[in-house]
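Build me a model from this:
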Amino acid sequence: MPRTCTICCHPKIEDINKAIIEGNSIRDIAKQFRLNSSSVDRHKKNHLPTLLVKAEDARKESLCL
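Numbers count the residues shown, from 1 in each chain. This is a model prediction of the structure:
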């Protein structure tokens, strides 16, 4: 059974995602939120693209209303 992403379950996920999107270094993000840098990197590679696609779809949908 795959492990749950510690970033996706983190109470400050929005702040973490924002920091990733803004281009902050993985190491700095991990240090700021007391996380493992490999967890942040894995979240960036595996989960953030899906979130960004969903956000873009929602943005486009709101423009059509």
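
which other residues reach the lowest-mean-pLDDT helix or strand in the chain?
Ranking every helix and strand in the chain by mean pLDDT, DSSP states H and E puts helix 48-63 at the bottom, with a mean of 80. Counting by Cβ atoms under 8 Å, 6 or more residues apart in numbering, helix 48-63 makes contact with 17, 20, 21, all of which sit outside it. Backbone N, C-alpha and C define where each C-beta goes, glycine included.

On the pLDDT front, check the residue nearest the centre of the chain for me.
Per Cα atoms, centre = their mean, the C-alpha nearest to the average position across the chain is that of residue 17, at 3.5 Å. Reported pLDDT at residue 17 in the predicted model: 92.

gap between it and residue 43?
Here the distance between residue 17 and residue 43 works out to 8 Å (Cβ to Cβ, to the nearest Å).

for residue 3, same thing?
Noted for residue 3: a distance of 12 Å to residue 43, by Cβ to Cβ.

Comparing the two, which residue is more hemmed in?
Between residue 3 and residue 43, residue 43 has the larger neighbour count (other Cβ atoms under 10 Å), namely 23 against 7.
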